[in-house]
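Participant: Pasted the sequence and its predicted model underneath.
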Amino acid sequence: MQFMLLFSRQGKLRLQKWYVPLSDKERKKISRDLVQTILARKPKMCSFLEWRDLKIVYKRYASLYFCCAVEDQDNELITLEIIHRYVELLDKYFGSVCELDIIFNFEKAYFILDEFLLGGEAQETSKKNVLKAIEQADLLQEVRLLTDP
Amino acid sequence: MPAVSKGDGMRGLAVFISDIRNCKSKEAEIKRINKELANIRSKFKGDKALDGYSKKKYVCKLLFIFLLGHDIDFGHMEAVNLLSSNKYTEKQIGYLFISVLVNSNSDLISLINNAIKNDLSSRNPTFMNLALHCIANVGSREMAEAFAAEVPRILVAGDTMDSVKQSAALCLLRLNRTSPDLVPMGEWTTRVVHLLNDQHLGVVTAATSLITTLAQKSPEDFKTSVSLAVARLSRIVSSASTDLQDYTYYFVAAPWLSVKLLRLLQCYPPPEDGAIRGRLTECLETILNKAQEPPKSKKVQHSNAKNAVLFEAISLIIHHDSEPTLLVRACNQLGQFLQHRETNLRYLALESMCTLASSEFSHEAVKTHIETVINALKSERDVSVRQRAVDLLYAMCDRSNAKQIVAEMLSYLETADYSIREEIVLKVAILAEKYAVDYTWYVDTILNLIRFAGDYVSDEVWYRVIQIVINRDEVQGYAAKTVFEALQAPACHENLVKVGGYILGEFGNLIAGDSRSSPLIQFDLLHSKFHLCSVPTRALLLSAYIKFINLFPEVKGTIQEVLRSDSQLRNADVELQQRAVEYLRLSCIASTDILATVLEEMPPFPERESSILAKLKRKKGPGNLHLDLDENRKERSVNGGTADHSSTTSNAKAPMPPQASAVPVLRSAGPLFQVFASPTTSTDLLGLGSTIATQNSAPPASKGASLLVDVFSGNTAAFPVETPVAVGPVADENFSRFVCKNNGVLYENQLLQIGLKSEFRQNLGRMYVFFGNKTSTQFMNFAASVVCQDALQAQLNVHAKPADPTVDGGAQLQQILNIECVSDFVDAPVLNIQFRYGGTLQNIAVKLPITLNKFFQPTEMTSLDFFQRWKQLGAPQQEVQNIFKARHSMDIEVTKAKIMGFGAALLDGVDPNPFNFVGAGVIHTKTTQVGCLLRLEPNTQAQMYRLTLRTSRGTVSQRLCDLLSEQF
């Protein structure tokens, strides 16, 4: 996977993860182009499109669009399920996740993503294992907080 | 604010985010951000040392501001400080900031690396993971330099925790992608391969991704992964849906891992070991079967995961391209998806079928779905699906269905989306040309293209129709009549005027006998369009007029009148003015004889690769070699017989005049012949511009002479055969696939794909080698040379034409090899490729599939003749026999195709046993011709073959027998 973007129906970027080196300017241009392209598509259309030399896989969950760019040989359907699994993880962690959770706890959304995907590939596909890792980290935080002055 | 209590909330951050959300305008937001930035700056600069929590909070705010799209130019130092905090939560935010805002500030990088180093050696798995995630997220060269040796150690160390192993594997993958030269291969590689056996499926998943990436670059080193991957896949596929616990996803066992394993296997040819191969085939069959079972859940996730595995399995089947039954089954199952209610599945089925269409085994099966695909083109509501349908129709097109497909595409063109019109135009033009038996159909099709989508018809397309009309006498009269009729329309596209002007200028005489299209009517018709056209078209029309003066002396006066008018002679455009002046003068002073010579009909164009194909290739980008090969096949069919080649010879010998755009029309005797050169043709796409000045050269060489011969006798620029550079092993995985076919992908790694298309006639051959750059980076100092070693040097001549030294990212470079077989040979030449990619020199050596059987000419003969000769070739050294086990299924049709692909004529009804195959042909070499007879006797019960070769030369018998034995 080359990158993943989360954006709202209004076109606001909520999360961006880049697995290939690109300049800040290129990233902005790509995000802008893609957000426009995808928002222009109708609901019943297919979840895949060719874009430049990449394949775009996207799906809308409530007010948020999840969009992944994968390479030519990559599997579209499994990418679609990568998105779904990430949504499940967020949902389980936040408890019926909504866009606001991701806005206010953006750092958590990144941490969960890092436990799930690394370098653009699935690191751990078991929901339990990912959540266990995140909960352990949270526990570490709370323990420290209690002992802090 | 949401009620998340997990972890530590940062109140200040939440308030700030709320403030930003409440901003009514962009200006208000910027104002609020600037205020916050000033606040943070003063806090960071202040005298009071900040505690860890505040530092974390402010760094997090900066991160938020950056993610909103604003620039951040400070705070990096504070983030780096957080890295060395012993509080997990502070460390974590520090790492996140560094991962998102990478800065190649060198002082910081060493500090960051230092912190990472500490965490890696902390033996605390949570800290180690944070550090590994950071390396993987940043992936810069500096980090690769610092950690490329350390990460593999962590990965294979016995005491590393599973979760750290997973991070380490993917971290290494990222480093290998960004800086492959810095990741040392070593003894760890074998241990990585064994991770495929790990108990923890998460570790296996991560390791499989890593191994796939590494295997793409050095397949040899990871060969052992094939058997392990097959074993692992087999266990997953045969497990019950609950066996794998949390790795089962909506009743599908480990779909991610299955897909990854199937991907890994696509780095390799089918396993040679029969047992492994059998097990893999079983897996693939199980996957195909499972896809047919009733769904275990109505959830789309279930069907997606199941079908993800199915599609990947089909990709592997296509990649192996060796199991006809599986290919046909795959095709049938995809066929069911073509009418599925899920748009996604319809899209993927169309896409996947495109590749199936290029396999000889499944092409026919794909064709049976033509009606469904045409229907998709008409009824799909999503343009991206329709695009796939167009692609598939293009891929499944052959002589049998070309007329139907072209007609459907043409009618679709009228309503097609603007975004894909140009591509459809190119495809229709290519198909119409490729499968034209009757060139009137071709002319009609192209004129329809111009009529329906004139704006999308590029110059290449109309150049091509002219090239073809000029090269084919039989269609010229029809073309003239058709354009004349088409031009009658009150409003016609400018491209039609161009084609019309050119064709009537050349062949208007062929329809001038009809009083309805007399010379004057033709001229008036063309001239009525003149004032509506752009300058380049007008220039072309002026050239048509001077050609008319030669064709029809009776309209000379009228045309001179037009040329003489102020609007021509004093035209503000210098090109038009010059043409008018020069043509007028020419028509006044030249005698009829001179005019007739100067303005003679255009000579045939040199046959060359259609520029339309090149254009489509450019549009399609990389990774589409099948298409290219396909197109080149067309090249042959259009260029057809040898007569065309002889004209090529004469044209190629003529001196190349400079680019048309720079040359006035009448400076000396030479450039006169360029009257039709379009002034705007800055690139020589078709030779309209620059290879025309041939009439004053010697008359075309005798019709029988072949271009190939000429290349060898008169070629001064033959590429020197270089001595081989020190290279690694010579790749020959795909070599034997080319024994019975001439086109396909010869070699592929992560960077480069090499495709071949070749043609052979008698003892000569020509091979088009396509080097596809699969990356987005340019290859520098690209050089490919062919080496014939030892005895082969004297037996085979291979001349490589020089090619460009650079290959742009995503682009394809074509190199032509001319081949001459001097005497019979055994070894194969080696293609050495060298280029620079991202600073490292790449060396690749591939065995070129030029085999003795390529110089076969089939010979038909009767049963009587066959056995008479068979007896004549009865000397012991003339016969070579081999008895061997069948490696593929013993399909009669496939066997027939292979024997014909081998080059021999397949003789029906010769052998008394109808199940035997016999073939005959002559091997042509420069020094001698060798008659060959072959007989293949299958024994389906024993799954064995007996192959017998009899030729007049023992070495030839032996070689042919060796080559052909491997094919069954």
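Facilitator: Cool, the structure landed.
Participant: going forward, measure contacts between C-alpha atoms and count neighbours the same way
Facilitator: Noted.
Participant: How far off centre is whichever strand or helix holds residue B:313?
Facilitator: If you go by DSSP states H and E, residue B:313 is part of helix B:300-320. On the basis of C-alpha atoms, centre = their mean, to the nearest Å, helix B:300-320 is displaced by 23 Å from the centre of the chain it belongs to.
Participant: tell me the SS of the residue nearest to residue B:322 when sequence neighbours are not counted?
Facilitator: Once flanking residues are discounted, residue B:322 sits nearest to residue B:888: 7.6 Å by C-alpha to C-alpha, 6 or more residues apart in numbering or on different chains. With DSSP: H, G, I helix; E, B strand; the rest coil as the basis, residue B:888 sits in coil.
Participant: returning to that earlier point: so, in contact with chain A or not, the helix or strand just after the helix holding residue B:313?
Facilitator: Proceeding N to C from helix B:300-320, the next assigned helix or strand is helix B:324-337, under DSSP H and E. No: contact of helix B:324-337 with chain A (C-alpha under 8 Å from any C-alpha of the partner chain) is absent, the minimum separation being 13.9 Å.
Participant: So which elements touch helix B:324-337?
Facilitator: helix B:300-320, helix B:343-357, helix B:363-367 (3 or more C-alpha pairs under 8 Å, 6 or more residues apart in numbering or on different chains; DSSP states H and E).
Participant: Those: which one's closest to residue B:617?
Facilitator: Closest to residue B:617 of those is helix B:343-357 (C-alpha to C-alpha; 15.9 Å).
Participant: How far does that closest one sit from its chain's centre?
Facilitator: On C-alpha atoms, centre = their mean, the centre of helix B:343-357 falls 18 Å from the chain's centre.
Participant: Report the rounded mean pLDDT for it.
Facilitator: The pLDDT scores in helix B:343-357 average 92.
Participant: So which elements touch it?
Facilitator: helix B:300-320, helix B:324-337, helix B:363-367, helix B:383-396.
Participant: Sketch out the low-pLDDT regions of the stretch 51-200 of chain B for me.
Facilitator: Along the stretch 51-200 of chain B, the parts satisfying pLDDT under 70 run over B:103-106.
Participant: Spell out which parts of it neighbour chain A.
Facilitator: Contacts of the stretch 51-200 of chain B with chain A, taken as C-alpha under 8 Å from any C-alpha, map to B:67-68, B:87-89, B:93, B:96, B:126, B:133, B:136-137, B:166-167, B:170-171, B:173-174.
Participant: What subset of those is buried?
Facilitator: B:67, B:87-89, B:93, B:96, B:126, B:133, B:136-137, B:166-167, B:170-171, B:173-174 (16 or more other C-alpha atoms under 10 Å in any protein chain shown).
Participant: Just the ones of these in helices?
Facilitator: B:67, B:88-89, B:93, B:96, B:126, B:133, B:136-137, B:166-167, B:170-171, B:173-174 (DSSP state H).
Participant: okay, among the residues you listed, which ones form the most distant pair?
Facilitator: Checking these with C-alpha to C-alpha, the most distant pair is B:67 and B:166, at 28.0 Å.
Participant: Please see if the helix or strand hosting residue B:206 touches chain A.
Facilitator: Element membership for residue B:206, per DSSP H and E: helix B:201-217. Yes: for helix B:201-217 and chain A, the contact criterion (C-alpha under 8 Å from any C-alpha) is met by B:202, B:203, B:205, B:206, B:209.
Participant: helices or strands next to that helix in the packing?
Facilitator: Counting by 3+ C-alpha pairs under 8 Å, 6+ apart, helix B:201-217 packs on strand A:121-122, helix B:162-178, helix B:188-194, helix B:255-265.
Participant: Off-centre distance for it?
Facilitator: With C-alpha atoms, centre = their mean, you get 26 Å for helix B:201-217.
Participant: got the CA positions of that helix in PDB?
Facilitator: What follows is helix B:201-217, C-alpha atoms only, in PDB (Å, rounded to 0.1, in the frame of the first residue of the first chain):
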ATOM      1  CA  LEU B 201       0.000 -16.500  12.300                       C
ATOM      2  CA  GLY B 202       0.700 -12.800  12.800                       C
ATOM      3  CA  VAL B 203       4.500 -13.500  12.500                       C
ATOM      4  CA  VAL B 204       3.900 -15.600   9.400                       C
ATOM      5  CA  THR B 205       1.800 -12.800   7.800                       C
ATOM      6  CA  ALA B 206       4.400 -10.100   8.300                       C
ATOM      7  CA  ALA B 207       7.200 -12.500   7.300                       C
ATOM      8  CA  THR B 208       5.400 -13.400   4.000                       C
ATOM      9  CA  SER B 209       5.300  -9.800   3.000                       C
ATOM     10  CA  LEU B 210       9.000  -9.400   3.700                       C
ATOM     11  CA  ILE B 211       9.900 -12.500   1.800                       C
ATOM     12  CA  THR B 212       7.800 -11.600  -1.200                       C
ATOM     13  CA  THR B 213       9.600  -8.200  -1.400                       C
ATOM     14  CA  LEU B 214      13.000  -9.800  -1.100                       C
ATOM     15  CA  ALA B 215      12.200 -12.700  -3.500                       C
ATOM     16  CA  GLN B 216      11.200 -10.200  -6.200                       C
ATOM     17  CA  LYS B 217      14.700  -8.900  -6.100                       C
END
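Participant: Give me the contacts around that helix.
Facilitator: Around helix B:201-217, the neighbours that count as contacts under C-alpha atoms under 8 Å, 6 or more residues apart in numbering or on different chains are A:121-126, B:162-163, B:165-167, B:169-170, B:172-173, B:176-177, B:192-193, B:195-198, B:221-223, B:247, B:256-257, B:260-261, B:263-264, B:267, B:749-750.
Participant: Kindly recompute the last result at 6 Å.
Facilitator: By C-alpha atoms under 6 Å, 6 or more residues apart in numbering or on different chains, the residues outside helix B:201-217 that reach it are A:123, A:124, B:166, B:169, B:173, B:196, B:222, B:257, B:264, B:749, B:750.
Participant: tell me which of these is nearest to residue B:534?
Facilitator: For the contacts of helix B:201-217, the nearest to residue B:534 is residue B:750 (47.0 Å; C-alpha to C-alpha).
Participant: returning to what we had before: buried ones from the contacts of helix B:201-217, can you make that a ChimeraX selection?
Facilitator: Buried subset of those, written as a ChimeraX selection, criterion 16+ other C-alpha under 10 Å:
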select /A:123,124 /B:166,169,173,196,222,257,264
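Participant: tell me which parts of chain A are close to chain B?
Facilitator: By C-alpha under 6 Å from any C-alpha of the partner chain, the residues of chain A that approach chain B are A:45, A:46, A:77, A:78, A:119, A:123, A:124, A:126, A:138, A:141.
Participant: Run through the helices of the stretch 351-500 of chain B in chain order.
Facilitator: B:363-367, B:370-379, B:383-396, B:402-413, B:418-434, B:439-453, B:459-471, B:473-486, B:494-507 (DSSP state H, counting those that start in this stretch).
Participant: Quick one: closest of those to chain A.
Facilitator: helix B:383-396 (6.3 Å; C-alpha to the nearest C-alpha).
Participant: who does the closest one touch, helix- and strand-wise?
Facilitator: With contacts taken as 3 or more C-alpha pairs under 6 Å, 6 or more residues apart in numbering or on different chains; DSSP states H and E, helix B:383-396 sits against helix B:343-357, helix B:370-379.
Participant: Check which helices and strands the helix holding residue B:313 is in contact with.
Facilitator: helix A:76-94, helix B:255-265.
Participant: Chain A contacts on the stretch 851-968 of chain B?
Facilitator: Going by C-alpha under 6 Å from any C-alpha, none of the residues of the stretch 851-968 of chain B are near chain A.
Participant: Tell me how many other residues crowd the residue of the stretch 851-968 of chain B found nearest chain A.
Facilitator: The nearest approach of the stretch 851-968 of chain B to chain A comes at residue B:888, 27.3 Å away (C-alpha to the nearest C-alpha). Close neighbours of residue B:888, defined as other C-alpha atoms under 10 Å in any protein chain shown, add up to 14.
Participant: Point me to the helix or strand that includes residue 65.
Facilitator: Here I'm looking at chain A. Going by DSSP H and E, residue A:65 is part of strand A:64-70.
Participant: nope, chain B
Facilitator: Counting by DSSP H and E, residue B:65 is found in helix B:52-67.
Participant: next helix or strand past that helix?
Facilitator: Next along from helix B:52-67, by DSSP H and E: helix B:76-83.
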